[in-house]
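Enquirer: Predicted model and sequence follow; I will ask about them next.
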Amino acid sequence: MKVRLKKLTIVAERLLREPLVKLLNAEGATGHTLAAVEGEGSRGIHASDWEGRNIQIETIVSPAAADRILARIADEYLENYAVIAYLCDVDVLRRAKFTKDSPEVDTTES
Amino acid sequence: MKVRLKKLTIVAERLLREPLVKLLNAEGATGHTLAAVEGEGSRGIHASDWEGRNIQIETIVSPAAADRILARIADEYLENYAVIAYLCDVDVLRRAKFTKDSPEVDTTES
Amino acid sequence: MKVRLKKLTIVAERLLREPLVKLLNAEGATGHTLAAVEGEGSRGIHASDWEGRNIQIETIVSPAAADRILARIADEYLENYAVIAYLCDVDVLRRAKFTKDSPEVDTTES
């Protein structure tokens, strides 16, 4: 009934919404949710970027897709934008839509 | 101080808010949070359902309650609605309210 | 590329926003996000506190900071306020900002 996948969460400035969604879709995500959040970051160079409203994007993907997405965010955004990205293990109620590039066999019964 | 439980997240169309909350309560959830999210789903039969605003419901329950809820969502909603549900392990600051049907002994000291 | 840390989520009444953020910062959090959520709690003494809108605060911290924050929430808020707090393991795209008091060596390659 469940399949173990990765939930990828990205918190970023609003202006990154379109390019990040494009990136997710290019790397195999078949859906995502977007929520408005307020954020406050470290007192470093990007502090001002974190005033005001940001977006939180979540998607559920295979471990391989998650790593590809993180690698691209690191390459393309981490240096110049206030962006945070992290993974969490999730057991997803199975349906075909999340598993474009992960075989149905990697299920978990936890 | 902490107890290991399951966080259950459901992303669904707004119209499912009431029946899903009723389902959660019937299966042992003692509380939940609701947030508005925008969603975009796979390019399949339910794509149009994901345009516009959806709800994200989160609740913290015992593993047994989590599995009962997932089974009912699979039976009652998965075929005809755009609904996503997944579990994640959480270590919850202990209080009685989450543990209606989970014994206090399954604590974790992680 | 990734470092294993803790995501701490707190759901609380709006009026706790300022003191909770102050608590997080005092215990080593270098940033957080805030989102508005609706909540409904257990049918106990604090039920009325959960009507209306609440806040959900999330921060990513070291395991040690997470435990200090939980201990302070238990001491200072759990008895008199409707507050929920829980931890979840996350693998964070590495940058210096999250790791004020966690050594860079505790990485994970999961």
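Expert: Now that the structure is in, tell me what you want to look at. Keep in mind that what you see is a predicted model, and the values were worked out from it rather than measured.
Enquirer: average pLDDT for the host helix or strand of A:R17?
Expert: Taking DSSP states H and E as the definition, A:R17 sits inside helix A:17-26. Taken as a whole, helix A:17-26 has a mean pLDDT of 96.
Enquirer: what about dumping the CA coordinates of it to CSV?
Expert: What follows is helix A:17-26, C-alpha atoms only, in CSV (Å, rounded to 0.1, in the frame of the first residue of the first chain):
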residue,chain,number,x,y,z
ARG,A,17,8.9,30.1,-8.1
GLU,A,18,8.8,29.7,-11.9
PRO,A,19,12.4,28.5,-12.4
LEU,A,20,12.2,26.1,-9.5
VAL,A,21,9.0,24.5,-10.6
LYS,A,22,10.5,24.2,-14.1
LEU,A,23,13.6,22.6,-12.6
LEU,A,24,11.4,20.1,-10.6
ASN,A,25,9.4,19.1,-13.6
ALA,A,26,12.5,18.7,-15.7
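Enquirer: Toward the C-terminus from it, list the very next helix or strand.
Expert: Next element after helix A:17-26 (DSSP H and E): strand A:32-40.
Enquirer: Could you tell me the angle between that following strand and helix C:17-26?
Expert: Computed with axes from the mean of the first three to the mean of the last three CA atoms, to 10 degrees, the direction of strand A:32-40 lies at 80 degrees from that of helix C:17-26.
Enquirer: Run through the neighbouring helices and strands of strand A:32-40.
Expert: Under the contact criterion of 3 or more CB pairs under 8 Å, 6 or more residues apart in numbering or on different chains; DSSP states H and E, strand A:32-40 touches helix A:17-26, strand A:53-61, strand B:32-40, strand B:53-61, strand C:32-40. For every residue, glycine as well, the C-beta is placed using N, CA and C.
Enquirer: quick check, the fourth one touching chain C?
Expert: Yes: using CB under 8 Å from any CB of the partner chain, strand B:53-61 comes into contact with chain C via B:I60.
Enquirer: How about that strand and chain A, touching?
Expert: Yes: using CB under 8 Å from any CB, strand B:53-61 reaches chain A at B:54, B:56.
Enquirer: how about the residues of chain A that lie near chain B?
Expert: Within chain A, the positions near chain B by CB under 8 Å from any CB are A:1-2, A:5, A:7, A:21, A:30-35, A:60, A:88-93, A:95, A:97.
Enquirer: Buried residues of the helix holding A:R17, list them for me.
Expert: For helix A:17-26, the neighbour count (16 or more other CB atoms under 10 Å in any protein chain shown) marks A:17, A:20-21, A:23-24 as buried.
Enquirer: Just the buried residues out of the residues of chain A next to chain B, in PyMOL syntax.
Expert: In PyMOL syntax, the buried subset of the residues of chain A next to chain B is picked out as below (16+ other CB under 10 Å):
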select buried, chain A and resi 2+5+7+21+30+31+32+33+34+35+60+88+89+90+91+92+93+95+97
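Enquirer: Pretty sure A:I57 sits against A:P19.
Expert: No: between A:I57 and A:P19 there is no contact under CB atoms under 8 Å: 11.1 Å.
Enquirer: The helix or strand of chain A with the lowest mean pLDDT versus strand B:53-61: what angle between them?
Expert: Across the helices and strands of chain A, mean confidence by mean pLDDT, DSSP states H and E is lowest for strand A:32-40: a mean of 89. Between the axis of strand A:32-40 and that of strand B:53-61 there is an angle of 80 degrees, by the same axes, to 10 degrees.
Enquirer: Any chance you could list what contacts strand A:32-40?
Expert: Contacts of strand A:32-40 with the rest of the structure, by CB atoms under 8 Å, 6 or more residues apart in numbering or on different chains, involve A:11, A:17, A:21, A:24, A:50-59, A:82, B:11, B:35-40, B:54, B:56, C:21, C:31-35.
Enquirer: now with 7 Å?
Expert: Strand A:32-40 is contacted by residues A:11, A:21, A:24, A:50, A:53-59, B:11, B:35, B:37-40, B:56, C:31-35 when judged by CB atoms under 7 Å, 6 or more residues apart in numbering or on different chains.
Enquirer: Using CSV, list the CA coordinates for the longest strand along chain A.
Expert: The longest strand of chain A (DSSP state E) is strand A:2-13. The C-alpha trace of strand A:2-13 is given here as CSV (Å, rounded to 0.1, in the frame of the first residue of the first chain):
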residue,chain,number,x,y,z
LYS,A,2,2.9,2.3,0.7
VAL,A,3,6.0,3.2,-1.1
ARG,A,4,9.1,4.8,0.5
LEU,A,5,10.0,8.0,-1.4
LYS,A,6,11.6,11.4,-0.6
LYS,A,7,9.7,14.6,0.2
LEU,A,8,11.8,17.5,-1.0
THR,A,9,11.1,20.9,0.5
ILE,A,10,12.4,24.1,-0.9
VAL,A,11,12.0,27.5,0.8
ALA,A,12,13.0,30.4,-1.4
GLU,A,13,12.2,33.9,-2.5
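Enquirer: Understood, closing this out.
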